[in-house]
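**Student:** task: produce atomic coordinates for the following.
(2 chains)
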Number of protein chains: 2
Amino acid sequence: MNFELTREFVDELREAINQQDKRKAADLLKDFHPADIVEVYEELNLDEARFIFILLEPTRAADVLVELEEDDREHLLDDMPGDILARKFIDRMDSDDAADIIAELPEDVKKDVLNNIADREHAGDIADLLTYDEDTAGGLMAKELITVNENWLVSTALREMRKQAKDIDEIYFVYVVDDSGILKGTLSLKKLLLTDSDKIEDVYDKDVISVDVETDAEEVANIMNKYDLVALPVVDGINRLKGRITIDDVVDVIREEAERDYQMASGISSDVEATDNTWQLLRARLPWLFIGLVGGIFGAKVIENYEGQLSLYPEMAFFIPLIAAMGGNVGIQSSAIIVQGLASNSMGIESNFKKLIKELGVALLNGASLAAVLLAYNLIDSNSIPLTITVSVALVVVIMFASVFGTFVPLGLHKLKIDPALATGPFITTVNDIIGLLLYFLIGHLFYGILS
Amino acid sequence: MNFELTREFVDELREAINQQDKRKAADLLKDFHPADIVEVYEELNLDEARFIFILLEPTRAADVLVELEEDDREHLLDDMPGDILARKFIDRMDSDDAADIIAELPEDVKKDVLNNIADREHAGDIADLLTYDEDTAGGLMAKELITVNENWLVSTALREMRKQAKDIDEIYFVYVVDDSGILKGTLSLKKLLLTDSDKIEDVYDKDVISVDVETDAEEVANIMNKYDLVALPVVDGINRLKGRITIDDVVDVIREEAERDYQMASGISSDVEATDNTWQLLRARLPWLFIGLVGGIFGAKVIENYEGQLSLYPEMAFFIPLIAAMGGNVGIQSSAIIVQGLASNSMGIESNFKKLIKELGVALLNGASLAAVLLAYNLIDSNSIPLTITVSVALVVVIMFASVFGTFVPLGLHKLKIDPALATGPFITTVNDIIGLLLYFLIGHLFYGILS
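**Tutor:** Next comes the predicted model:
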């Protein structure tokens, strides 16, 4: 089992589409999993994708819709009437997937879709889910649940579970509630299979981890990851069971979060891929480069300011890139450690003061080691004594500054509830470049004054 | 339900440990989930951690061992005799967790542990798992499985499942095999609950996604993520069912993979956290900074080579950091897009030639836009014409070079089966810094020659 999309296959499919050969196109895709069809879609243009979409049976088409990237889905559904969307597709989706898709629609289509869902209970569930922010537990959860009452007999529970299971893809957990719908615990299928008792209250597990509907999506991901959970019940303010989140939805949150941090650190906007077109790639990259350019212009201004010194000692120019780059490198290391610690909630209980002391210690050791190497190089290369000393001292000072700056900017942003990853990448390196240059010339001014 | 470790709690626990008050220490940790105890451990020193470890009942202690970071676990188990480790802890673990822990032990302890596991079947399972590379499906899987024969009656299957379930934490999937143990499909608990048929062969799902024991862990993660799987059966070369991988193990693979790429891009070794000590942080950061330093020294050599030109036109020094930084920024963007595409297996079927054309197109547009801004700035700031032209032309050339370099280095490494993430971060930025400087001075030499 290894699906690999080939150029030959895409060419063959394209040919069938161009010849409007519906039977052949459908036949080519017959055994494809919906997730594989999505990969095929990414190689096709919109008209080709539409041609194929209408060939799929509705259940598979609904699965494909759920799996598609948001903008691809938007284009595919662009002129589809709300009642068709509702009856053909939304009716076949889980409430959480349906809500995600409906949330993307224009206001008038949204209403139209909701009013045309045949199963009114399903429509109600979706409408409920639409009220939650997409980055919260409420926005991640689905309403499809199997619940049993703590007072039931095992036989009643089994009968009720059978009824409820019809609407649900797969059963991982059964939740136990009291008469007012308050979450009391979970019922393990294993225990249900093994028990000799005939009362649910003897069988169910009362230690249950749950989250509030308002809990942030990243925290949900951290909790599920930390406690190795496959499903997590979601409750409201008075602990009534409202839905459940499954791990596959959270895997996406984890992956997207980690990828976003990576992309921020690399200076690209978060929603870009190698397969995107030139315009999308440009839009994702240019703004960050512009920040770098502005930083570079400031850097030029700093150096211009010391033009007199440079005319006297042009050798000072040799180490401009080294000092700027090292400030940038150290700053990005420091901020990355903080961003990652905040993201995985593994910062420990160390106070900021202790963090500062430790960071300064690491910076001093890093700076001293590198400055020693640089000192040796400059002595061997017989550069002038003022230059040798200036460069080594500047390196230590710049590294110490960049460490502290790179540590506290993301911590500060986090306190202000701004994504700390914003501080990494081009921003940190650019600011450190400029300040590094300034420090370099100030120190140069000092040592050249003393030593020459 | 929101576990938050506080300084007050840690202080209280520490005091109990210092006073050797076992009852109080045990009481403080009484309601803690094993994953929470691990967080507590990270705040304690080794002696304190050991004091607490022996207070835990063996089942919880075994769970804590599984959850600990590898080096913390190593310290904790350092002088524990193999027979105690086997009987108290390994016997209580799932085969995959047990194998992971045994694999870390010294050879002689390893044998001792395996020979002292009371349940010989469990020992055999673990010994089997130890033969697989940890980065493959075989290394990720557990041997605990619930299997039924395709020829059984539903009632036989239920009876057998009950027997098998005793050894297993939770049932998510039941696998169906034939008489030779070859994987035939999966049995959904939902269908089992709903069926009216009395034959397993009428109930089970024959469309099953599986992986080979040799499949790479990252590919396993991509498959489970793509198809939204909670569990994945693992088979050998002739399709015999060997084990199963659950999503929680794969979440760790996904998270670690994404974090490693991020850390590589930021120039830190992959196994470092904000809570690590100074020495660990230094070791993770210094080697990358050393690369930057060597790059900076090469950069200094390049500039030294053009010292004559700089003495004549000291203004050329103004834009040294800008040119170097922009080359680095663009290179890291390009390589990040490739690294991420390779990691998530979403590179599409575009040929390398088409990738090159697209990358050059993006680079040209990026370069031209930024060069236009820089040109405008230089004209307003009334810098000299040769400088103005040199800087703008150099910017375009450097951006184009860095794009191609940043794109093809990770692609090349990937072809050579080297982790492409190695190419990002300090390496790409450093090389681009140096080549950017070289291009800048070459272009400067040309235009100053022509224009002044």
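
**Student:** from here on, contacts and neighbour counts on C-alpha atoms
**Tutor:** Noted.

**Student:** wait, residue A:362 touches residue B:282, no?
**Tutor:** Yes. Contact criterion CA atoms under 8 Å: residue A:362 and residue B:282 qualify, at 5.8 Å.

**Student:** and the two? which has more neighbours close in?
**Tutor:** Each of residue A:362 and residue B:282 has its neighbours counted (other CA atoms under 10 Å in any protein chain shown); residue A:362 has more, 24 against 20.

**Student:** what residues are up against the more buried one?
**Tutor:** B:278, B:279, B:281, B:282 (CA atoms under 8 Å, 6 or more residues apart in numbering or on different chains).

**Student:** those also near chain A: which ones?
**Tutor:** Contacts with chain A within these, as defined by CA under 8 Å from any CA of the partner chain: B:278, B:279, B:281, B:282.

**Student:** pretty sure the first one contacts residue A:360?
**Tutor:** By that I understand residue B:278. No. Counting by CA under 8 Å, residue B:278 sits too far from residue A:360 to count as a contact (9.6 Å).

**Student:** tell me the domain ranges of chain A?
**Tutor:** Segmentation of chain A into domains, based on automatic domain parsing, reads A:7-133, A:147-246, A:267-451.

**Student:** what would those domains look like in TSV with distance to residue B:344 and mean pLDDT?
**Tutor:** Below are the domains of chain A laid out as TSV (distance: least, CA to CA, whole Å; pLDDT from 0 to 100):
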stretch	distance to residue B:344	mean pLDDT
domain A:7-133	12	91
domain A:147-246	19	90
domain A:267-451	10	88
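
**Student:** and the helix or strand containing residue A:249, what does it pack onto?
**Tutor:** Assigned by DSSP states H and E, residue A:249 belongs to helix A:247-266. When contacts are defined as 3 or more CA pairs under 8 Å, 6 or more residues apart in numbering or on different chains; DSSP states H and E, helix A:247-266 sits against helix A:217-226, helix A:320-343, helix B:217-226, helix B:247-266, helix B:320-343.

**Student:** tell me the helix or strand right after the second one.
**Tutor:** Note on helix A:320-343: by DSSP H and E, the next helix or strand toward the C-terminus is helix A:352-380.

**Student:** which helices and strands does the very next helix or strand once past that following helix pack with?
**Tutor:** Sequence order places helix A:385-415 as the next helix or strand after helix A:352-380, per DSSP H and E. Secondary-structure packing of helix A:385-415 (3+ CA pairs under 8 Å, 6+ apart): helix A:320-343, helix A:352-380, helix A:426-451.

**Student:** okay, buried residues for the helix holding residue A:249 please.
**Tutor:** Neighbour-count burial for helix A:247-266, counted by 16 or more other CA atoms under 10 Å in any protein chain shown, picks out A:247-255, A:257-266.

**Student:** before we move on, what about stretch A:178-188?
**Tutor:** Those would be A:178, A:181, A:182, A:183, A:184, A:185, A:186, A:187, A:188, for stretch A:178-188 by 16+ other CA under 10 Å.

**Student:** out of the residues you listed, who's nearest chain B?
**Tutor:** Taking CA to the nearest CA as the measure, chain B sits nearest to residue A:188 out of the buried residues of stretch A:178-188, at 7.2 Å.

**Student:** so what's the backbone phi/psi at the closest one?
**Tutor:** Main-chain dihedrals, residue A:188, degrees, to the nearest 10: phi -80, psi 130.

**Student:** report the contact partners of residue A:85.
**Tutor:** Residue A:85 neighbours (CA under 8 Å, 6+ apart): residue A:113.

**Student:** relative to residue B:192, how far out is it?
**Tutor:** Separation of residue A:85 from residue B:192 (CA to CA, to the nearest Å): 32 Å.

**Student:** what do you get for residue A:119?
**Tutor:** 25 Å.

**Student:** those two: which is more packed in?
**Tutor:** Taking other CA under 10 Å, residue A:119 and residue B:192 do not tie; residue B:192 has more neighbours (18 against 10).

**Student:** name the element the more buried one belongs to?
**Tutor:** Here residue B:192 is assigned to helix B:189-194, by DSSP H and E.

**Student:** contacts for that helix next, please.
**Tutor:** So helix B:189-194 is contacted by A:162, A:165, A:166, A:169, A:170, A:171, B:154, B:172, B:173, B:174, B:203, B:204 (CA under 8 Å, 6+ apart).

**Student:** if we can go back for a sec, now the buried members of the ones next to chain A among the contacts of residue A:362.
**Tutor:** Buried among those (16+ other CA under 10 Å): B:278, B:281, B:282.

**Student:** what about the residue nearest to residue A:309 when sequence neighbours are not counted, neighbour count?
**Tutor:** Closest residue to residue A:309 apart from its sequence neighbours, by CA to CA, 6 or more residues apart in numbering or on different chains: residue A:445 at 7.5 Å. When neighbours are defined as other CA under 10 Å, residue A:445 has 15 of them.

**Student:** following the stretch of helix or strand residue A:13 belongs to, which helix or strand shows up next?
**Tutor:** Using DSSP H and E, residue A:13 sits within helix A:7-18. Once helix A:7-18 ends, the next helix or strand along the chain (criterion: DSSP H and E) is helix A:22-28.

**Student:** what packs against that next one?
**Tutor:** Short answer (3+ CA pairs under 8 Å, 6+ apart): helix A:22-28 packs on helix A:7-18.

**Student:** need the contact partners of the helix it packs on.
**Tutor:** Outside helix A:7-18, the residues that touch it by CA under 8 Å, 6+ apart are A:22, A:24, A:25, A:28, A:40, A:43, A:44, A:48, A:51, A:52, B:349.

**Student:** can we see that at 6 Å?
**Tutor:** Helix A:7-18 has contacts (CA atoms under 6 Å, 6 or more residues apart in numbering or on different chains) with residue A:25.

**Student:** in it, what counts as buried?
**Tutor:** Here helix A:7-18 shows A:10, A:13, A:14, A:16, A:17 as buried, counting by 16+ other CA under 10 Å.

**Student:** what's the answer for stretch A:343-350, then?
**Tutor:** Quick answer for stretch A:343-350 (16+ other CA under 10 Å): A:343, A:344, A:346, A:347, A:348, A:349.

**Student:** any chance of JSON lines for those, columns distance to chain B?
**Tutor:** What follows is the buried residues of stretch A:343-350, written out as JSON lines (distance: CA to the nearest CA, whole Å):
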{"residue": "A:343", "distance to chain B": "10"}
{"residue": "A:344", "distance to chain B": "10"}
{"residue": "A:346", "distance to chain B": "8"}
{"residue": "A:347", "distance to chain B": "6"}
{"residue": "A:348", "distance to chain B": "6"}
{"residue": "A:349", "distance to chain B": "6"}
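
**Student:** could I get those residues as JSON lines with distance to residue B:389?
**Tutor:** Listed next are the buried residues of stretch A:343-350 as JSON lines, based on distance: CA to CA, whole Å:
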{"residue": "A:343", "distance to residue B:389": "45"}
{"residue": "A:344", "distance to residue B:389": "47"}
{"residue": "A:346", "distance to residue B:389": "50"}
{"residue": "A:347", "distance to residue B:389": "49"}
{"residue": "A:348", "distance to residue B:389": "52"}
{"residue": "A:349", "distance to residue B:389": "54"}
